[in-house]
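**Student:** No sequence on hand, only this structure:
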């Protein structure tokens, strides 16, 4: 069996905040727990440059987003935490990171992290609620759909040797899936064989929309955390894109249902359609990756998350929204024309003309 030297469990919680956007005041509210000079932020910065385009070398997330280190919220634990926020779409991803720097069973630690990381999420949520109750202002979480776990494992043997042994491949399948459903060995092997997304000699990376696994050997050297977080950033990008698309689709449904002939509301319709266009351009059509490898990893992660189907689904929602708006606009214009005709026939305009002349 692989000799484990270190295990990292990283959990991502997708978050849909209340409201359409996050205001500057709400961002300031979230920043009160953030430490921009923390080593955690420095690690995100280093890993970001391995995947995405950067301008000044200080970026920790994509343009239009903000990352906050929330580790001080969990000062009495071994957890590291960060929050990735998109102000425009009022969504975010809470990242909880726990490292075990000695040999341990990755499957056992992954199972334990299920409960402890959910407790960390609940602490974050309750902290927001308690602070708002005391101050009267802030931002609340509307919902979080699920937890997305990523397990990082550093082993002493070369990663290539794992694929030569069926027993080791089965073990890898259990590390990836958590073996929560007691899958047969054939299913575990199918999750591993031919599914490695990485071309690096010292790394194997497996991403599904429900979980991910990154395995490294000694060839990674001192860059283990940087390489692991690079994989985490790719995974996180797919998560926040999925959350943004799902939240926007829900909001388009609400907007579609709210349109009336007396209230066509073209401004909010236009905002929804433009938001979808920006998401497609920024994340899918022209993602700001800095290498062919990063482009390959991001595309593979998107496919694992079913992003192309979600894009099609959102485009259909947009088509329905625009069609509904065109219909309500037509009704509105007909109503205006009818009222104008009646006003003309009963002499309202002549009366108004006389009043203005006098």
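**Tutor:** Yep, that arrived. On a predicted model such as this, the values are computed, not experimentally measured, just so you know. Numbers count the residues shown, from 1 in each chain.
**Student:** show me where the stretch 101-250 of the chain has helices.
**Tutor:** Applying DSSP state H, counting those that start in this stretch to the stretch 101-250 of the chain gives helices spanning 106-135, 159-162, 166-177, 185-192, 224-258.
**Student:** Kindly reformat these as JSON lines containing mean pLDDT and distance to residue 301.
**Tutor:** In short, each C-beta sits where N, CA and C put it, glycine included. Supplementary listing: the helices of the stretch 101-250 of the chain in JSON lines, determined by pLDDT from 0 to 100; distance: least, Cβ to Cβ, whole Å:
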{"stretch": "helix 106-135", "mean pLDDT": "93", "distance to residue 301": "20"}
{"stretch": "helix 159-162", "mean pLDDT": "88", "distance to residue 301": "20"}
{"stretch": "helix 166-177", "mean pLDDT": "92", "distance to residue 301": "14"}
{"stretch": "helix 185-192", "mean pLDDT": "93", "distance to residue 301": "16"}
{"stretch": "helix 224-258", "mean pLDDT": "94", "distance to residue 301": "4"}
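**Student:** Minimum distance to residue 86: which of these has it?
**Tutor:** Among the helices of the stretch 101-250 of the chain, helix 224-258 comes nearest to residue 86, with 6.4 Å by Cβ to Cβ.
**Student:** Can you read off the backbone torsions of residue 51?
**Tutor:** Note on residue 51: backbone dihedrals following degrees, to the nearest 10 are phi -120, psi -50.
**Student:** measure the closest residue to residue 47 other than its chain neighbours to residue 244 for me?
**Tutor:** Closest residue in space to residue 47, ignoring its immediate chain neighbours: residue 229 at 3.7 Å, by Cβ to Cβ, 6 or more residues apart in numbering. Per Cβ to Cβ, to the nearest Å, residue 229 is found 21 Å from residue 244.
**Student:** Identify the residues contacting the residue nearest to residue 237 when sequence neighbours are not counted.
**Tutor:** Spatial nearest neighbour of residue 237, chain neighbours left out: residue 298 (6.5 Å); criterion: Cβ to Cβ, 6+ apart. By Cβ atoms under 8 Å, 6 or more residues apart in numbering, the contact set of residue 298 is 51, 234, 237-238, 287, 289.
**Student:** what helix or strand does residue 298 sit in?
**Tutor:** Under the criterion of DSSP states H and E, residue 298 resides in helix 292-304.
**Student:** Go through that helix and flag the buried ones.
**Tutor:** Using 16 or more other Cβ atoms under 10 Å as the test for burial, helix 292-304 gives 293-294, 297-302, 304.
**Student:** returning to what we had before: and among the helices of the stretch 101-250 of the chain, the most buried is which?
**Tutor:** helix 224-258 (a mean of 21; mean count of other Cβ atoms under 10 Å).
**Student:** just the angle between that one and helix 292-304, please?
**Tutor:** 50 degrees (axes from the mean of the first three to the mean of the last three Cα atoms, to 10 degrees).
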